[in-house]
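S.K.: kindly return the folded structure for what I paste below:
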Amino acid sequence: MGPLNPSQWEGVGVGTVVLVLGLLHGLAVTRGWIVWGPSHREQIAGKDAEIEHLRGRSLEDQKTISTQADALSKATSAMSEQTVASQYAVHILEAVRNVAGRVT
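M.R.: Residues are numbered from 1 along each chain as shown. Next up, the predicted model:
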């Protein structure tokens, strides 16, 4: 005797079926399994607005990153020039010391 057997459903009336389906429908709406049209449109509009905000923020982040990368490359370039200048100064001082050591 399975649940599809008509003798199982003899005591169940139309009111009971409507009540059970109504409760299931209420549960589905409460849990968010079923979403009404206006609510759905509102949720989609909110998600679209958030996506647009994140895209705009991404563009701002790209600009900031490029600005910081330019500043870093300039700083690195200045540091490498300073390193070359200091190495050149050390080389000149060593040469002067060698010449001074040979003269005396």
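
S.K.: how about the secondary structure of G2?
M.R.: In three-state terms, and counting by DSSP: H, G, I helix; E, B strand; the rest coil, G2 is coil.

S.K.: where does the prediction get shaky in this structure?
M.R.: Per-residue confidence of the chain (counting by pLDDT under 70) places the weak regions at 1, 103-104.

S.K.: cutoff 90 now
M.R.: The model of the chain has pLDDT under 90 over residues 1-13, 29, 32-41, 43, 53-63, 70-104.

S.K.: just the helices from it, written as ranges.
M.R.: The residue ranges that make up the helices of the chain, judged by DSSP state H, are 14-31, 37-103.

S.K.: which one of those helices lies nearest to S7?
M.R.: When the helices of the chain are ranked by proximity to S7, the top entry is helix 14-31, at 16.3 Å, counting by Cβ to Cβ. For glycine as for every other residue, the C-beta is placed from the backbone atoms N, C-alpha and C.

S.K.: separation between M79 and A85?
M.R.: Using Cβ to Cβ, to the nearest Å, M79 is found at 11 Å from A85.

S.K.: and if you look at D61?
M.R.: Summarising the geometry, the distance separating D61 from A85, computed by Cβ to Cβ, is 36 Å.

S.K.: also D48?
M.R.: As it turns out, when the distance is counted by Cβ to Cβ, D48 lies 56 Å from A85.
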